[in-house]
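S.K.: the following comprises the amino acid sequence and a computationally predicted model.
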Amino acid sequence: MSHVLVVDDSAFDRLMAGNFLQKVGGVTVSFAENGLEAIQEIRRQLPDVVVTDLQMPELDGLQLVAYIKQNFPLLPVVLMTAQGSEAIAAEALRLGAASYVPKTLLAQQLADVVVRIVESAAADRGHSRLMHALAECQCRFNLQNDPDLIDPLVTHLQEMLRCLPLADESERLRVGIAVKHAVLNGLYHGNLELPADVKDVTSAQISPLVQERCADPDYADRKLIVEAHLSPEFAEFRIHHEGPGFDAATLQLDFDTDQSTCHLMGGWILMRSIMDDIHLSDDGRSQILIKRAMVESEMEMMLEE
């Protein structure tokens, strides 16, 4: 049973988010009206995930994310964002939040995002001591268009990420989430050519179209190639699809529009906020994500804060 703490000063929004989560089996929900009350709840009973609004009195969402990052670094945070607050959400992601969901899409996306984070954290437990000793690894996966392979792939890469010095374990989880978004982009919007502005859909709603295209000869033979180079200095991930290349112009994010609420755009906002560098290859078919080790001086600065 997973425990989710929902934080929002609006009673209506708080209960609405809780209802969406409680419809998922195996989830219990508790509530807090603001950041200060949330901290008290976290100290009383540590949840598995915190879902929080950004704009709140007493202690806002950004301050809550920063507090959790410093004091409970293994506790992932998901943001609920109002229309027009994508730039603030990006700042919260940089501070340590795991993901975000626009409030206009809570019904469609919140449960999926929370369940994905809980499952990633649970699957992450394992042979950590061995992976801390990993000196260098290069690997390449040639995947069929099979969505069921993505979670095992990301779990495997997250385990190997233990060799890379990062701020804490939650940062490794965030890198895994960014890689998963890139892989999903390559599968859905690359090989299967789903529209880049797909929004207001859940995984269950998009699944029939995915299955149809995976069986279609025009798409079925395309491969999704994932390459990873990991060392104690950096991690580089290259996700290559065989469909039409992405147009880089469509990924020039404008926070003043609602483009960031769609799957592809929102994924790039998240990836830019988590990774040190991301870019497209010249043909638009490869997404390259780079995460560098946190040097000792940076770690010391974080501890002083």
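M.R.: Ah, there it is.
S.K.: for the rest of this, base every contact and every neighbour count on C-alpha atoms.
M.R.: OK.
S.K.: so how far is residue 35 from the residue lying closest to residue 55 once chain neighbours are set aside?
M.R.: Of all residues not flanking residue 55 in the chain, residue 61 sits nearest, at 6.2 Å (C-alpha to C-alpha, 6 or more residues apart in numbering). Shown here: residue 61 relative to residue 35, a distance of 7 Å by C-alpha to C-alpha, to the nearest Å.
S.K.: can you pull the pLDDT of the residue nearest to residue 55?
M.R.: Confidence at residue 61, expressed as pLDDT, is 89.
S.K.: in contact with it, which residues?
M.R.: 35, 52-55, 79, 92 (C-alpha atoms under 8 Å, 6 or more residues apart in numbering).
S.K.: of these, which is the most crowded?
M.R.: residue 52 (31 neighbours; other C-alpha atoms under 10 Å).
S.K.: now do the SS call for that one.
M.R.: strand (DSSP: H, G, I helix; E, B strand; the rest coil).
S.K.: that one against residue 79, yeah?
M.R.: Yes - contact criterion C-alpha atoms under 8 Å: residue 52 and residue 79 qualify, at 5.1 Å.
S.K.: please, where are all the helices along the stretch 101-250 of the chain?
M.R.: 111-123, 128-132, 150-160, 169-184, 203-215, 217-220 (DSSP state H, counting those that start in this stretch).
S.K.: residue 189 against residue 182, yeah?
M.R.: No - contact criterion C-alpha under 8 Å: residue 189 and residue 182 do not qualify, at 10.1 Å.
S.K.: show me what contacts residue 275?
M.R.: 175, 178, 289-291.
S.K.: quick one: low-confidence ranges for the stretch 101-250 of the chain?
M.R.: For the stretch 101-250 of the chain, the stretches with pLDDT under 70 are 121-129, 196-205, 249-250.
S.K.: burial of residue 119, as a residue count?
M.R.: Residue 119 is flanked by 13 other residues according to other C-alpha under 10 Å.
S.K.: same question but for residue 283, I mixed them up
M.R.: Neighbour tally, residue 283, other C-alpha under 10 Å: 11.
S.K.: start the count at 587, not 1, going forward
M.R.: Right, with 587 as the first residue, what we last looked at is residue 869.
S.K.: quick check: phi and psi on it?
M.R.: phi -90, psi 0 (degrees, to the nearest 10).
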